[in-house]
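Visitor: Quick one: sequence and predicted model below, then my questions.
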Amino acid sequence: MQNLITTSDFTKEEIIDLFEDTKQLLDFKSSEVLKGKIIVIVFFENSTRTRSSFEIASKRLGAQIVSLDVGTSSRNKGETIFDTVANINAMKPDALIIRHSKWGLPETLSKYVTCPIINAGDGEHAHPTQALLDLFTIIEHFNGDIKGKKIAIIGDVKSSRVCGSNKRLLPRFGLELCFVAPKCFQYENSEHKQYDNISDIIDNVDIIMSLRTQLERHHEQFFESLNEYAKNYCITKEVFGNRDILLLHPGPVNRNIDISDDMLKDPRNKILEQVTNGVAIRMAILKKLIK
Ligand code: ASP
């Protein structure tokens, strides 16, 4: 039985096969591949895209979904999360998709369950399905020619699990990474170069991934307002100029803070393509893990 806790759970070959399957699934045809399977979704943190993406992916494959409403669950009655999950597992679901603010929780929980666990985001640590859909989108955009392509991840890299997963995954496929962020959002130690200003990298990148400021994970206030941050880190037409750069963002986008209105209309941004690819990637992952 295989879990997806981090992207390292899949070998490079497995990821290449997964992407082949993803391409086939992009026609969004409904099938009965997972007919009779039951998938439990337990999100302890907010989500729009990831949750609906997993639900649509499951339904497209004919599986049934049980979405646990954590707000009204027995956690309010004093039950630990480990006991809640052990009880769900005792009902014999075919897979469990979990999101939680605690770094490492999906991995710990995997010891309590006998079905595959998919990590839909754990704190600042990992968001493997997001990184896989990002990589897939990049590969599709460059027609497979991605070796040596340079990507700058811009914004709150330190608190972002999307960055956490991408910094592990993308170099495995030959991409060169750097980060652009104010000092307060930079890693204390990084094997990839970190820059303070977009102007330091803009003439030397093929891809920019913009990130949302993860206010919910901050223990102190770093900026008087996000507008102040945006003055230096918002991706605008002025910043991009005529350069041929692919622009990505995992969503939700803070308009005119992360990316300007005009860049959100610009065809160089493939943000909605990322969302579409995300459903197909998650279909391929569910097909792979659920036996
Ligand atoms: N949706 C992504 C996540 O869950 C990115 C974000 O929230 O900024 O981490």
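Guide: Now that the structure is in, tell me what you want to look at.
Visitor: Now do the closest residue to the ligand within the stretch 151-291 of the chain against Met263, distance only.
Guide: Residue of the stretch 151-291 of the chain nearest the ligand, by C-beta to the nearest ligand atom: Arg212 (3.7 Å). (C-beta placed from N, C-alpha, C; glycine too.) Arg212 sits 15 Å away from Met263, going by C-beta to C-beta, to the nearest Å.
Visitor: quick one: which of the two has more around it?
Guide: Neighbours were tallied for Arg212 and for Met263 using other C-beta atoms under 10 Å; the higher tally belongs to Met263 (25 against 20).
Visitor: Surely that one is in a strand?
Guide: No. Read with DSSP: H, G, I helix; E, B strand; the rest coil, Met263 is helix and lies in no strand.
Visitor: Verify the contact between it and Gly241 for me.
Guide: No. In this structure Met263 lies outside contact range of Gly241 using C-beta atoms under 8 Å: 11.4 Å.
Visitor: burial count for Leu226?
Guide: 16.
Visitor: For it, which non-adjacent residue is spatially closest?
Guide: Nearest residue to Leu226, sequence neighbours excluded (C-beta to C-beta, 6 or more residues apart in numbering): Ile257, at 4.7 Å.
Visitor: check which helix or strand covers that neighbour.
Guide: Assigned by DSSP states H and E, Ile257 falls within no helix or strand.
Visitor: What's the separation between it and Gln130?
Guide: 20 Å.
Visitor: mind checking which helix or strand Tyr229 is in?
Guide: helix 226-233.
Visitor: now for the very next helix or strand once past that helix, which elements pack on it?
Guide: Going down the chain from helix 226-233, the next helix or strand is helix 237-240, by DSSP H and E. Counting contacts by 3 or more C-beta pairs under 8 Å, 6 or more residues apart in numbering; DSSP states H and E, helix 237-240 packs against helix 261-265.
Visitor: Any chance you could list what contacts the helix it packs on?
Guide: Applying C-beta atoms under 8 Å, 6 or more residues apart in numbering, the contact partners of helix 261-265 are 235-237, 240, 247, 253, 255, 269, 271.
Visitor: and if you look at stretch 43-55?
Guide: With C-beta under 8 Å, 6+ apart, stretch 43-55 has contacts from 39, 41, 65, 67-68, 70, 81, 97-101, 118, 120-121, 127, 129-130, 251-252, 275, 278-279, 282.
Visitor: circling back to that earlier point, which residue of Ile257 and Gln130 possesses the greater neighbour count?
Guide: Higher neighbour count among Ile257 and Gln130: Gln130, with 26 against 18, using other C-beta under 10 Å.
Visitor: Return the helix holding Tyr229 as CSV; C-alpha atoms alone will do.
Guide: What follows is helix 226-233, C-alpha atoms only, in CSV (Å, rounded to 0.1, in the frame of the first residue of the first chain):
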residue,chain,number,x,y,z
LEU,A,226,0.0,44.0,2.6
ASN,A,227,0.0,47.0,0.3
GLU,A,228,3.4,47.9,1.7
TYR,A,229,4.6,44.4,0.8
ALA,A,230,3.0,44.6,-2.6
LYS,A,231,5.1,47.7,-3.6
ASN,A,232,8.1,45.4,-4.0
TYR,A,233,6.7,42.0,-4.6
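Visitor: Could you pick out the residues of the chain near the ligand for me?
Guide: 121, 127, 161-162, 212, 250-251 (C-beta under 6 Å from any ligand atom).
Visitor: thinking again about what came up before, let me see the backbone angles for the residue of the stretch 151-291 of the chain closest to the ligand.
Guide: phi -80, psi 150 (degrees, to the nearest 10).
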